[in-house]
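[1] Got a predicted structure here, sequence first:
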Amino acid sequence: MAKTNVDRHLERKLRDPLFRELYELEMQKAQIAKLLIAERVKRGLTQGQLARKLGVSQQQISKIENGNFTDLKVVQKVLLTLGHSIRVVAVPLRPKARKAA
């Protein structure tokens, strides 16, 4: 399959070590969001039902499911309710990313 302009642009951007680290973080957030959606749906819960169960707004659940979160405390609460946990690990940046930061 031929590469699109977007694919080529992303390849160029990923050569920047700091950009790569940030991109990988966003991909991890997307994986968490996909897991949350799958587990919520598996349990037959709407976003509103899950929100009420947790004492948060439906909008907050929507944002989390879109990978738009910075508060790991709320994400942890959602994960625990759905039978999962989160592990936060600090890892050293690759040497080139450290220099770019």
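    Nice, I can see it.
[2] contacts and neighbour counts: CA atoms only from here.
    Will do.
[3] what helices or strands is whichever helix or strand residue 22 is part of leaning on?
    Secondary structure assignment for residue 22, by DSSP states H and E: helix 17-42. Under the contact criterion of 3 or more Cα pairs under 8 Å, 6 or more residues apart in numbering; DSSP states H and E, helix 17-42 touches helix 58-65, helix 95-100.
[4] continuing past that helix, what's the next helix or strand?
    Taking DSSP H and E, what comes next after helix 17-42 is helix 47-54.
[5] quick one on the thing from earlier: ranking the helices and strands packed on helix 17-42 by mean pLDDT, which is last?
    When the helices and strands packed on helix 17-42 are compared on mean pLDDT, helix 95-100 scores lowest, with a mean of 65.
[6] Okay, now the unreliable bits of the protein?
    Across the chain, the ranges flagged by pLDDT under 70 are 96-101.
[7] Chain neighbours aside, what residue packs nearest to the residue most central in space within it?
    Centrality entry for the chain: nearest residue to the mean C-alpha point is residue 29, 1.1 Å, by Cα atoms, centre = their mean. Spatial nearest neighbour of residue 29, excluding adjacent residues (Cα to Cα, 6 or more residues apart in numbering): residue 67 at 5.4 Å.
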